[in-house]
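Engineer: got a structure for you, letters missing:
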């Protein structure tokens, strides 16, 4: 449960989704919520996407951070391996890795941090189990604090889903920025539906793919008030509730980092996959001081967005499993996949079971969501149709 103060800090954290320069402010909020002196975030892409975050609280100037990365971060190598081997959300303390505290304090990196920043003891956590990128959040405590009360570090646990979501959103916007100048215009180069709502829940921005999906009239549309409607189901109302929860979250009144919704279609093909997340934009990339929601809409019947090569690499799928995975996210039935691959249906079902086990998914919608998180569906220059 978020405390009132933690809830008030959420908008600062979500601002970093769109504006990279606001990460120090966001990490200040994390540090305050966890009652530490400072916080740092390291996120690196493992599959070749142009994405990386290496930021610290505002008390760390960029020159010092650069010096630390170039000369002292090597002493943390054992810690990063230790953290990445643990499940996401596991809070690790420095003494869990290096129990010899006097020796730890004398190490060159810690001596430098005490002298330069006045910090010593640390606690870190892996934010995401995705093998597509590694991301770790670290809290630093004043050097006068020889032992970190574990309950202090636990204060940050309630914020972890929000920080993880912001890193994921930031990744998409960072890749967009690397290929296109203006984020707003670049939304049309995301090949899944993207909508941005106002603070009242009505859609104010929709990219081309979202417009195409909503014009289909196949179970999901916009009403005259620009709010989501669904024919024959409660999904439209569910989406609006999720939007309101996202808006309340960025207004410090709720705790909803994301909501996933399946929307049944009149055509009875696979349902739309809708994800709703909070969004703020205090620097005006989309709309200055926006506090609302971003809505992603995936049409499984449209194969354009999906690329499974990075999923196959990240989760060590065999060549056969990668091929089956491709057909799965394209919407083919087990029998159709068997026919395409000239194998039995039983073989395909066995391979599907293995794919779900390796990727820790249980249904096709989860596999599609994983595919899109590993490789954001952003067209390259010249690819737009």
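Structural biologist: Received, thanks. These numbers were taken from a predicted model, which means no experiment stands behind them.
Engineer: quick one: the strands in the stretch 1-150 of the chain, in order.
Structural biologist: Taking DSSP state E, counting those that start in this stretch as the criterion, the stretch 1-150 of the chain contains strands spanning 38-45, 52-56, 91-93, 119-126, 133-142.
Engineer: which residues touch the nearest residue to residue 57 once chain neighbours are set aside?
Structural biologist: Nearest residue to residue 57 in three dimensions, chain neighbours excluded: residue 38, at 3.9 Å (Cβ to Cβ, 6 or more residues apart in numbering). The C-beta positions use only the backbone N, C-alpha and C, and glycine is treated the same way. Neighbour list for residue 38: 27-28, 31, 56-57, 59-60, 117, 119, 139-140 [criterion: Cβ atoms under 8 Å, 6 or more residues apart in numbering].
Engineer: again, but for residue 340
Structural biologist: By Cβ under 8 Å, 6+ apart, the residues touching residue 340 are 327, 332.
Engineer: one step back: can you give me the pLDDT of the residue nearest to residue 57?
Structural biologist: Note on residue 38: pLDDT of 95.
Engineer: looking at strand pairing, list the partners for it.
Structural biologist: As for beta bridges, residue 38 partners with residue 140 under DSSP bridges.
Engineer: helix, strand or coil for residue 160?
Structural biologist: Put simply, residue 160 is helix when judged by DSSP: H, G, I helix; E, B strand; the rest coil.
Engineer: and residue 262, that one's in a helix?
Structural biologist: No. The assignment for residue 262, made by three-state DSSP, is strand rather than a helix.
Engineer: isn't it right up against residue 271?
Structural biologist: Yes. In this structure, residue 262 is within contact of residue 271 by Cβ atoms under 8 Å, at 4.4 Å.
Engineer: so these two - more neighbours on which side?
Structural biologist: residue 271 (22 against 15; other Cβ atoms under 10 Å).
Engineer: report pLDDT for the more buried one.
Structural biologist: 89.
Engineer: and it, how far is that from residue 264?
Structural biologist: Distance of residue 271 to residue 264, given as Cβ to Cβ, to the nearest Å: 5 Å.
Engineer: joint contacts of the two?
Structural biologist: Common contacts of residue 271 and residue 264 (Cβ under 8 Å, 6+ apart): residue 219.
Engineer: which element is the residue positioned nearest the centre of the chain on?
Structural biologist: Nearest to the mean C-alpha position of the chain, counting by Cα atoms, centre = their mean, stands residue 168 at 2.2 Å. If you go by DSSP states H and E, residue 168 is part of helix 160-179.
Engineer: looking at this, residue 292 is in a strand?
Structural biologist: Yes. Assessed with three-state DSSP, residue 292 lies in a strand.
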